[in-house]
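Visitor: quick one, structure for this:
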Amino acid sequence: MNAKINKAKVSYKQIYSFIKAANEYLKLFPEETKLKYAITKVANQVNEFHKQWMEKLSDIELDHALTDADTGRVFFTIDDKTGKRNYQFDKEGIKASDAAKDLAFEDKSIEFEPYLALELPKGLHESWIEVFKPFVIDPDLKVELKTPEIVN
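Guide: Here you go, the predicted model:
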C-alpha cells in the first residue's frame with residue numbers, strides 16, 4: 001500500500017540529491033516494487049523543479065564565464081558524454097559564480113506532494129532511506145544504524 005500525504009517542503013539541494021539517488025536506485029534495482037513506483041511518481045513531479053534549478057545554475061555560470069574581450073564570445077567546452085556546455089572561468093569568475101549560486105538558492109524551498117511507499121524492499125540500505133525522506137519514505141521512519149560485529 002502506498003500513501004499520499006499532505007505537502008512537504010524541501011530545499012533545492014534535497015531535490016538534487018533525491019533525483020541523483022532516484023536515478024541511481026532505478027538503474028541498480030530495476031525490479032518492480034512499491035518503492036520503485038513511488039520513486040518514479042515523485043521523480044516525475046519534482047523533475048520540473050530540478051530542470052528549472054539546472055537552467056538557473058547554467059544562467060549564473062554563463063553570466064560569470066570568461067569572454068573574449070574583442071568579440072564578446074563565451075569560452076566553453078562541450079562534454080563528449082553529455083553534450084553539456086562547461087563554461088570556463090578565471091579566478092574572480094569562479095568566486096562570483098559560486099557566490100551568485102549560493103545567493104540564488106539560499107533558504108529556497110518548494111512544496112510538493114510526497115507519495116510514500118509503505119512497504120520497503122527487504123534489506124534496503126539506510127543510505128537510500130535517508131535520501132528518499134520525505135519524498136517517498138515517511139520522514140518519521142526511524143532507522144537503526146547497526147554497528148558491525150567484530151568476529152574473532
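
Visitor: quick one, grab the pLDDT at the residue nearest to residue 43 when sequence neighbours are not counted.
Guide: Excluding the flanking residues, the one nearest residue 43 by Cβ to Cβ, 6 or more residues apart in numbering is residue 22, at 4.7 Å. In short, each C-beta sits where N, CA and C put it, glycine included. On pLDDT, residue 22 comes in at 96.

Visitor: wait, a helix at residue 22?
Guide: Yes: using DSSP: H, G, I helix; E, B strand; the rest coil, the secondary structure at residue 22 is a helix.

Visitor: buried set for the longest helix along the chain?
Guide: Identified as the longest helix of the chain according to DSSP state H is helix 34-64. By neighbour count on 16 or more other Cβ atoms under 10 Å, the buried set for helix 34-64 is 34-36, 38-39, 41-43, 46, 49-50, 53, 56-57, 60-61, 64.

Visitor: now the element after that helix, going C-ward?
Guide: Following helix 34-64 in sequence order, the next helix or strand is strand 76-78 (DSSP states H and E).

Visitor: gap between that next one and the chain center?
Guide: Remark: strand 76-78 is offset 23 Å from the chain centroid, using Cα atoms, centre = their mean, to the nearest Å.

Visitor: list the neighbouring strands of it plus their orientation.
Guide: As defined by DSSP bridges, the strand partners of strand 76-78 come to strand 85-87 (antiparallel).

Visitor: what's near enough to touch residue 67?
Guide: 73-75 (Cβ atoms under 8 Å, 6 or more residues apart in numbering).

Visitor: most neighbours out of those residues, which is it?
Guide: residue 74 (15 neighbours; other Cβ atoms under 10 Å).

Visitor: relative to residue 87, how far out is that one?
Guide: The gap separating residue 74 from residue 87 is 7 Å, by Cβ to Cβ, to the nearest Å.

Visitor: residues shared between the contacts of these two?
Guide: Counting by Cβ under 8 Å, 6+ apart, the shared contacts of residue 74 and residue 87 are 62, 65-66.

Visitor: export those as a markdown table, with columns for pLDDT.
Guide: Output for those, formatted as a markdown table (pLDDT from 0 to 100):
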| residue | pLDDT |
| --- | --- |
| 62 | 96 |
| 65 | 96 |
| 66 | 96 |
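
Visitor: now those as CSV including distance to residue 106?
Guide: Output for those, formatted as CSV (distance: Cβ to Cβ, whole Å):
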residue, distance to residue 106
62, 20
65, 22
66, 26
